[in-house]
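**Student:** Give me a 3D structure for the following:
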Amino acid sequence: MKRFLLLYNGPHTPPGASHEGWPEWFDKIGEALVDVGSPLVNGVALHGDGSSSNKTTSLNGFSVVQAKNQDAVLDLIADHPFVLLGSEYKVEVFEAPRK
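**Tutor:** Numbers count the residues shown, from 1 in each chain. Below you'll find the model as predicted:
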């Protein structure tokens, strides 16, 4: 099995936003879930000149799953609550090779 990083990308959700459907989705995928992950907040970007800013990407969180291949992950996340929020939201999938 390969491991994949799921990055939740879209408009920032307000504090206390509902995560309806998430626990059920995590339960549904069972052993494919490696790490439930976490929301991402208070981002900062460090620039090559040493300066920093709060202008970061629209990442909202992450999880780690395992699957046979990328197609299997896409099937796994087809009904993820985050992608069901609408076209402004997406889950980006990256293989995370083990050392």
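**Student:** For residue 64, see how far away the residue of the chain most remote from its centre is.
**Tutor:** With Cα atoms, centre = their mean as the measure, the chain has its most outlying C-alpha, relative to the mean C-alpha position, at residue 49: 29.3 Å. Here residue 49 is placed at a distance of 33 Å from residue 64 (Cβ to Cβ, to the nearest Å). For the C-beta atoms, the positions are set from N, CA and C on the backbone; glycine is no exception.
**Student:** Next up, the contacts around the residue farthest from the centre of the chain.
**Tutor:** Residue 49 makes no contacts at all, as judged by Cβ atoms under 8 Å, 6 or more residues apart in numbering.
**Student:** where does it land in three-state SS?
**Tutor:** For residue 49, the secondary structure call by DSSP: H, G, I helix; E, B strand; the rest coil comes out as coil.
**Student:** Tell me where this protein has strands.
**Tutor:** Secondary structure of the chain (DSSP state E): strands at 2-9, 33-39, 45-46, 52-53, 59-67, 90-95.
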